[in-house]
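# Kindly generate the corresponding structure for this input.
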Amino acid sequence: QLQLVESGGGSVQPGGSLRLSCAASGFTLDYYTVGWFRQAPGKEREGISCISSRGSITKYADSVKGRFTISRDNPKNTVYLQMNSLKPEDTAVYYCAADRDYHGLDQKYDYWGQGTQVTVSS
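Next up, the predicted model:
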């Protein structure tokens, strides 16, 4: 069974950091583009970052550019999202998604995780 599992969420103060992980099971992420998305309360889900299968292409939403970094470790079948300088407006449920085709920040991915909560508050 193909599955994506996010971890690393939690509560942090403004200016703090978190690293999210997206681990795949039942398939190999090597050939998949992986995207990170988030949904804040009362808002639509938005794409914030993605990385191509070989890691040669990365993309960021303007809202996180310069603060978040996406990376992948294919031998570990895991993609990471390093989040620095967190702001209260980053509070959301964060999802990872995977697809063999490149969709950038569009939500056309075939496989989705269940999400992990990130709360930024003083």
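
# can we go C-alpha only for contacts and neighbour counts from here?
Fine.

# In contact with the residue nearest to Ile57 when sequence neighbours are not counted, which residues?
Nearest residue to Ile57, sequence neighbours excluded (CA to CA, 6 or more residues apart in numbering): Ile51, at 5.6 Å. Applying CA atoms under 8 Å, 6 or more residues apart in numbering to Ile51 gives the contacts 33-35, 57-59, 70-72.

# For Ser121, see how far away Ile51 is.
From Ile51 over to Ser121 the distance is 28 Å, taken as CA to CA, to the nearest Å.

# Tell me who's in contact with the residue nearest the centre of the chain.
Centroid-nearest residue in the chain, with CA atoms, centre = their mean: Trp36, separated by 2.7 Å. Taking CA under 8 Å, 6+ apart, we find Trp36 in contact with 47-50, 81, 94-97.

# mind redoing it with 6 Å?
By CA atoms under 6 Å, 6 or more residues apart in numbering, the contact set of Trp36 is 48-49, 95-96.

# gap between it and His103?
For Trp36, the distance to His103 equals 12 Å [CA to CA].

# mind showing which ranges of this structure have poor pLDDT?
Scanning the chain for pLDDT under 70 picks out no residues.

# re earlier: buried among the contacts of Ile51? Make that a ChimeraX selection.
To isolate the buried members of these in ChimeraX, using 16 or more other CA atoms under 10 Å:
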select :33,34,35,58,59,70,71,72
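
# Next, give me the two most distant ones among the contacts of Ile51.
Farthest pair in the contacts of Ile51 (CA to CA) is Lys59 and Arg72. Separation: 13.4 Å.

# intersection of neighbour lists for these two?
With the criterion set as CA under 6 Å, 6+ apart, the contacts of Lys59 and Arg72 do not overlap.

# backbone phi and psi for the residue nearest to Ile57, please?
In terms of degrees, to the nearest 10, the main-chain angles of Ile51 are phi -140, psi 140.

# is it in a bridge, and if so with what?
Per DSSP bridges, the residues bridged to Ile51 are Val34, Thr58.

# you'd agree Ser25 is up against Gln3?
Yes. If you go by CA atoms under 6 Å, Ser25 and Gln3 touch, sitting 5.2 Å apart.

# any idea how far Gly104 is from Gly35?
Gly35 sits 7 Å away from Gly104, going by CA to CA.
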